[in-house]
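Enquirer: please work out how this folds:
(one chain, ligands or ions: 1)
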Amino acid sequence: MRSTQNRAIFVRVAAAGQGARGHAASRETRIGVVAATSELLTIDDVYAARERIAGRLHRTPTLGSRTLSERVGAQVHFKAELFQRTGSFKPRGVLNKLSTLSDEEKARGVISISAGNHAQALAYASAVEGIDALVVMWQAASPMKIAAARAYGATVDDSPPDIPAAFEHLDRLVEETGRTLVHPYDDPLVMAGQGTVGLEMLDDVPDADVVVVQVGGGGLVSGIATAVKALKPEARVFAVEPELSNALAASMAAGESVTIEPKSAADGLNGPYAGPNCVRVCLDLGVENVLVTEDDLKEGFTFMYGRMKLACELAGAATAAALLAGKVPLERGNTVAAVVSGGNVAAQTAAAILAEQ
Ligand SMILES: Cc1ncc(COP(=O)(O)O)c(C=O)c1O
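Expert: Model prediction:
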C-alpha cells in the first residue's frame with residue numbers, strides 16, 4: 001500500500017490524470033477470467049485492517065430476501081451495515097486509519113469532510129482513541145447527522161454554503177491546522193477498512209457470484225472489490241450510483257477522476273468526485289457501473305422498509321433499488337450479496353418518502 005498524501009485534495013484530483021502509482025491488473029480481468037489485483041490495495045491490506053479493527057465494531061448480519069429473490073430470479077442477500085456502530089459501515093475505515101497514526105499525529109488531531117456518516121464515524125472513533133476531531137460539513141447537510149457528529153464529540157464546521165465550497169474550505173483548514181486528514185474515501189487505509197465488509201459478505205455468502213455496492217466517492221466499493229476479486233475472481237462487482245451523482249462511472253469512463261455536481265436525494269452518495277485511488281482500483285479490478293434514478297432509489301427504500309423491515313437511508317437502499325429496477329444484469333441461478341450501507345435518516349425524511357409511494 002502506498003502512503004497517502006495528507007493535503008490539497010483538489011490538487012490530488014487534478015493530478016489524478018497523471019496516474020497514481022499502482023497501475024496494475026491487466027484489463028482482460030474486466031471480463032472476470034483471472035484474479036484481478038491492484039498494486040494500490042491488496043487483500044493483505046484488507047486482512048491487516050480486519051486485524052486492527054477486530055473486536056471494536058459489530059459483526060453485522062447478512063439477511064436473505066425471499067421476495068426480492070423471487071422477483072429477480074436469483075438468491076439475494078443483504079449485508080446489513082446499517083446496524084454497524086454509528087449507523088453505517090464508515091467506522092471500519094476510520095478505525096483502521098486512526099490505528100496507524102503516530103502519537104504526534106494523534107496529538108495534532110484529525111480533520112475530514114462529510115455529508116454525515118463519515119463525520120459520525122470520525123467523531124465516534126476519535127473519541128474512543130482520545131483524538132480531537134474537526135469535521136467540515138455544509139449548510140444543507142442533514143441536521144440529524146450534524147447533531148449526531150457533535151454528540152459523538154467532534155467539532156463540526158458547517159459554515160460552507162455547499163459541497164464544492166466545503167471541499168475548498170477543508171483544503172484550507174488542512175493547511176492551516178496541521179491536522180491529519182482522514183479522507184472519507186480516497187485513502188488506501190480507509191478503503192482497506194471498508195474492504196472488511198467484503199470479507200464478511202463472503203464468509204456469510206461463500207457462493208456469491210454477484211456483489212452489489214453503493215458508491216459515493218468509491219472507498220466502499222474499491223475495498224470490497226479488493227477482497228472479492230482476490231477470493232472469488234469470477235464474481236462480478238457492481239458499483240451503484242444515482243444518475244444525479246455519477247462520479248465513479250464518469251471517472252471510469254474518462255480513465256481519471258472527474259469532478260461533478262452531485263444532486264441526488266441520497267446524501268450519502270453525493271461525492272463531488274470519485275477518489276483517484278478508488279478509480280484506479282475499480283479500473284484495475286473491472287468493477288462494473290450501474291446507475292439508478294431518483295425514483296428507483298425511492299422504490300428501493302420503500303421495499304427495504306416494507307418488506308425487509310430495514311430502516312435504512314436512501315443511500316443504503318441504492319443496491320435494492322438497482323436490483324428491483326432490473327439494472328444489475330443477473331443470470332438465473334446467480335447468488336447476490338448486496339450492501340445496505342447505512343441507516344441514518346431522520347424519521348420525517350423517511351416518512352415523507354414512504355408517503356409518496
Ligand atoms: C450510507 C452510505 N452509503 C454509501 C456511501 C458511499 O461510500 P463511498 O464514499 O466510500 O463510496 C456512503 C458515504 O458516505 C454512505 O454514507
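
Enquirer: tell me the contacts of residue 184?
Expert: 90, 112, 113, 114, 118, 190, 216, 217, 219 (CB atoms under 8 Å, 6 or more residues apart in numbering). Quick note: C-beta positions are derived from backbone N, CA and C, even for glycine.

Enquirer: what do you get for residue 249?
Expert: 239, 241, 289, 291.

Enquirer: pLDDT of the helix or strand where it lies, averaged?
Expert: Using DSSP states H and E, residue 249 maps to helix 247-254. Per-residue pLDDT over helix 247-254 has a mean of 98.

Enquirer: do stretch 140-149 as well
Expert: Here stretch 140-149 scores 94 as its mean pLDDT.

Enquirer: please apply the same query to stretch 291-302.
Expert: Stretch 291-302 comes out with an average pLDDT of 98.

Enquirer: right, is it up against the ligand?
Expert: No: Stretch 291-302 is not in contact with the ligand by CB under 6 Å from any ligand atom; minimum separation 11.8 Å.

Enquirer: list the buried residues of that stretch.
Expert: 291, 292, 294, 296, 297, 298, 299, 300, 301, 302 (16 or more other CB atoms under 10 Å).

Enquirer: the fifth one and the ligand: what is the separation?
Expert: When you say that, I think you mean residue 297. 12 Å (CB to the nearest ligand atom, to the nearest Å).

Enquirer: so who does that residue touch?
Expert: 242, 264, 265, 266, 314, 317, 318, 321.

Enquirer: all helices of the stretch 101-250 of the chain, in order?
Expert: Along the stretch 101-250 of the chain, counting by DSSP state H, counting those that start in this stretch, helices occupy 103-108, 117-129, 143-151, 163-177, 188-204, 219-231, 247-254.

Enquirer: sorry, back to before: within reach of the ligand, which of the contacts of residue 184 are there?
Expert: Near the ligand, by the rule CB under 6 Å from any ligand atom, you find 118, 216, 217, 219 out of the contacts of residue 184.

Enquirer: can you redo these as TSV with pLDDT and neighbour count?
Expert: Listed next are these as TSV, based on pLDDT from 0 to 100; neighbours: other CB atoms under 10 Å:
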residue	pLDDT	neighbour count
118	97	30
216	97	33
217	97	28
219	98	32
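
Enquirer: give me the residue from the stretch 51-200 of the chain nearest the ligand.
Expert: Nearest to the ligand, among the residues of the stretch 51-200 of the chain, is residue 117, at 3.4 Å (CB to the nearest ligand atom).

Enquirer: for residue 147, see how far away that residue is.
Expert: 13 Å (CB to CB, to the nearest Å).

Enquirer: who's more crowded, these two?
Expert: residue 117 (30 against 14; other CB atoms under 10 Å).

Enquirer: let me know the pLDDT of the spatially most central residue of the chain.
Expert: Closest to where the C-alpha atoms of the chain average out (CA atoms, centre = their mean) is residue 220, at 3.4 Å. With respect to pLDDT, residue 220 scores 98.
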